[in-house]
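> this one's sequence-less:
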């Protein structure tokens with residue numbers, strides 16, 4: 001599964017590309033940025049395999065950002081997504097993997113993802129650096145092993161981490177936990193939930209076609225799955 005960043009100053013364009021990426025079932029993490037500057041900030045917090053980059057943006061253009069990233073030791077693959085065809089030659093001058101025209105079509109997006117997966121170098125899964133998560137409990141710091149975490153729920157400015165018999169608060173955002181825990185078999189099924197796939201006990205279809213997950217060791221808890229994440233989740237669970 002790939003980790004992607006979508007960089008576009010227009011929210012509808014970001015939302016549409018996010019939807020298409022989720023529908024492919026080939027991307028498990030999607031970070032968004034509204035400008036080149038924000039993209040750099042997010043890149044410092046989240047390792048991504050591919051950046052889907054709009055060419056025309058205020059202040060620093062997508063092409064200028066790609067040129068800067070090209071100088072990094074391990075830059076993400078760049079796929080330009082734009083309404084302008086005249087930048088195609090320049091795009092490949094900065095080693096862009098592909099160049100998609102808006103509106104993006106699903107088949108064409110899958111072709112781009114094929115190229116990205118061929119381009120991305122396999123990286124060692126960083127298990128040794130994220131085997132435990134620091135949390136708050138009774139006014140003190142506690143380190144919870146990731147293999148004991150059943151699911152995580154967003155609560156205001158905190159993340160609630162649930163094991164089979166306890167609950168902990170963490171100041172780490174759900175987005176950052178998603179990035180840290182994805183290599184350990186965790187999946188963000190909803191804006192407000194991350195689940196440990198190893199503890200998914202059952203999958204139930206309820207009214208309106210919504211999927212709900214039962215979690216082993218958490219009696220009576222059902223977690224709804226966002227419609228946009230159903231395809232990717234089924235793939236991850238082998239359904």
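Great, that's in hand. All of these numbers come straight from a predicted model, not from anything done at the bench.
> host element of residue 112?
Taking DSSP states H and E as the definition, one finds residue 112 inside helix 106-119.
> so where does residue 44 fall, helix or strand?
Take DSSP H and E as the rule and residue 44 turns out to sit in helix 36-45.
> and the contacts of the helix or strand following that helix?
Using DSSP H and E, the helix or strand that directly follows helix 36-45 along the chain is strand 50-53. The contact list for strand 50-53, computed with Cβ atoms under 8 Å, 6 or more residues apart in numbering, reads 2-8, 17, 21, 39, 43, 62, 65-66, 69, 76-81, 97, 100, 113, 116, 120. To be clear about C-beta, it is placed using only N, CA and C from the backbone, and glycine gets the same treatment.
> give me the buried entries from these.
By neighbour count, with 16 or more other Cβ atoms under 10 Å, the contacts of strand 50-53 hold 2-8, 17, 21, 39, 43, 62, 65-66, 69, 76-81, 97, 100, 113, 116 as buried.
> lowest-confidence helix or strand of the chain?
Ranking every helix and strand in the chain by mean pLDDT, DSSP states H and E puts helix 88-93 at the bottom, with a mean of 58.
> and the helix or strand just after that helix, which residues are buried?
For helix 88-93, the following helix or strand on the C-terminal side (DSSP H and E) is strand 98-101. Of the residues in strand 98-101, those with enough neighbours to count as buried (16+ other Cβ under 10 Å) are 98-100.
> looking at those, which is nearest residue 54?
The nearest member of the buried residues of strand 98-101 to residue 54, counting by Cβ to Cβ, is residue 100 at 10.3 Å.
> how is the residue lying closest to the closest one once chain neighbours are set aside assigned, secondary-structure-wise?
Counting by Cβ to Cβ, 6 or more residues apart in numbering, the nearest residue to residue 100 once its immediate chain neighbours are dropped is residue 81, at 4.7 Å. Under DSSP: H, G, I helix; E, B strand; the rest coil, the three-state class of residue 81 is strand.
> am I right that residue 81 is in contact with residue 5?
No - Residue 81 sits out of contact with residue 5 when judged by Cβ atoms under 8 Å, with a separation of 11.6 Å.
> give me the residue at the spatial middle of this protein.
For the chain, the residue lying nearest the average C-alpha position, counting by Cα atoms, centre = their mean, turns out to be residue 29 (1.2 Å).
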